[in-house]
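**Q** missing the sequence, but the structure's below:
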């Protein structure tokens, strides 16, 4: 039999209240709740749903959050370090400056989210996907986006050192002023991406990549050359 569902609406919750709810062995749905600053580390919240919740500076360190759903949440500076977020779904949520360091994000997805300044250092990311999401200034070092279609991803000022974008297709978004040391773009389709800030010294990283005539002209102008 499926587990019963308990919906909590409009509450301000701390760790003791959440632990009390977990004793009921029901799937939890939190609607318009405030967890700001709460310590929820190591709790088992698998399959829970968070809707319109405030989670600023909330700690989910090493929590079990697989198959959770997050819609229109505000979780700036939240700590998801070492959490299990396999198959989690984040939609239209503000997750700026959140830490995902060493989190398990296999098959997780972020759609229409804000992840400015987020830290994805050493995450497990097989099957992780982003769509129409801001990753401005995020730490995404050594992640692979190989052969992916990247829809509306803004990597401006992000640390993409060592990332693999080989044969990826950019549909909108951009790489303006991103850090791309040892990043690979071989065979990538960049015609719809914002490449502002790209320098001639980086050209070897883009072997066999495709850009548009407009982008080519912008790159030439950035080099201080005039096309006759």
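**A** Cool, got the structure. Small disclaimer: the values here were computed from a predicted structure and weren't measured.

**Q** Check which helices and strands the longest helix along the chain sits against.
**A** Counting residues, the longest helix found in the chain (DSSP state H) is helix 213-222. Using 3 or more CB pairs under 8 Å, 6 or more residues apart in numbering; DSSP states H and E, no helix or strand is in contact with helix 213-222. Yep, even glycine has a C-beta here, placed from its N, CA and C like the rest.

**Q** And the strands in this protein?
**A** Remark: strands assigned in the chain by DSSP state E are 5-9, 27-31, 49-51, 69-71, 89-91, 109-111, 129-131, 149-151, 169-171.

**Q** and residue 34, bridged to which residues?
**A** Beta-bridge pairing for residue 34 (DSSP bridges): residue 12, residue 54.

**Q** how near is it to residue 61?
**A** Using CB to CB, to the nearest Å, residue 34 is found at 19 Å from residue 61.

**Q** same check, this time on residue 164
**A** For residue 164, the distance to residue 61 equals 29 Å [CB to CB].

**Q** Go through the longest helix of the chain and flag the buried ones.
**A** Neighbour-count burial for helix 213-222 flags 215, 218, 219 (criterion: 16 or more other CB atoms under 10 Å).

**Q** Okay, the last one and residue 178: tell me how far apart.
**A** It stands for residue 219. Distance from residue 219 to residue 178, by CB to CB: 15 Å.

**Q** chain center to stretch 7-27: distance?
**A** What separates the centre of stretch 7-27 from the centre of its chain is 27 Å, taken as CA atoms, centre = their mean, to the nearest Å.

**Q** Which positions in that stretch come out as buried?
**A** When burial is assessed from 16+ other CB under 10 Å, stretch 7-27 yields the following buried residues: 8, 13, 18, 21, 27.

**Q** What lies in contact with that stretch?
**A** 3-6, 28-36, 38-40, 43-45, 47-49 (CB atoms under 8 Å, 6 or more residues apart in numbering).

**Q** just stretch 158-170 next, same as before
**A** Stretch 158-170 has contacts (CB under 8 Å, 6+ apart) with 135-150, 153, 175, 178-193.

**Q** And those, which of them are buried?
**A** 135-145, 148, 150, 153, 175, 178-180, 183-185, 187-193.

**Q** mind listing the helices for the chain?
**A** Applying DSSP H to the chain gives helices spanning 15-22, 213-222.

**Q** Flag whichever of the ones you listed has the least confidence on average.
**A** Note on the helices of the chain: helix 213-222 shows the lowest mean pLDDT, a mean of 73.

**Q** Okay then, goodbye and thanks.
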